[in-house]
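K.L.:
Sequence plus the predicted model coming up.
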Amino acid sequence: MSKSDRERITELEAVLTSQQYSPVVVGNYCAYARGFLDHLARCHRFKRSM
């Protein structure tokens, strides 16, 4: 995950926390977002190798 992706996850966490989402929900959403960004990065690398 790139630095900009980590910054986006941190921003997502801050926004969700400021909107008073439960800490469990914030953690889950951030984990899902990290997984999605990792998936996109893997797909991008796969397409570049073709």
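P.N.:
Looks like it arrived, so ask away.
K.L.:
just for the protein, where's the confidence low?
P.N.:
Low-confidence segments of the chain, defined by pLDDT under 70: 1, 46-50.
K.L.:
ok, which stretches of it are strands?
P.N.:
Listed from the start of the chain, the chain has no strands (DSSP state E) to report.
K.L.:
in it, which spans are helices?
P.N.:
In chain order, the chain shows helices spanning 3-18, 23-49, with DSSP state H as the criterion.
K.L.:
got the ones you listed as TSV, with mean neighbour count columns?
P.N.:
In this view, the C-beta of every residue, glycine as well, is placed from N, C-alpha and C. Listed next are these as TSV, based on neighbours: other Cβ atoms under 10 Å:
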stretch	mean neighbour count
helix 3-18	13
helix 23-49	12
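K.L.:
Give me the distance between residue 15 and residue 45.
P.N.:
For residue 15, the distance to residue 45 under the criterion Cβ to Cβ, to the nearest Å works out to 29 Å.
K.L.:
make that residue 20, sorry
P.N.:
Relative to residue 45, residue 20 is positioned 38 Å away (criterion: Cβ to Cβ).
K.L.:
and the gap between residue 6 and residue 34?
P.N.:
Counting by Cβ to Cβ, the gap from residue 6 to residue 34 is 9 Å.
K.L.:
again but with residue 8, I slipped
P.N.:
Distance from residue 8 to residue 34, counting by Cβ to Cβ: 10 Å.
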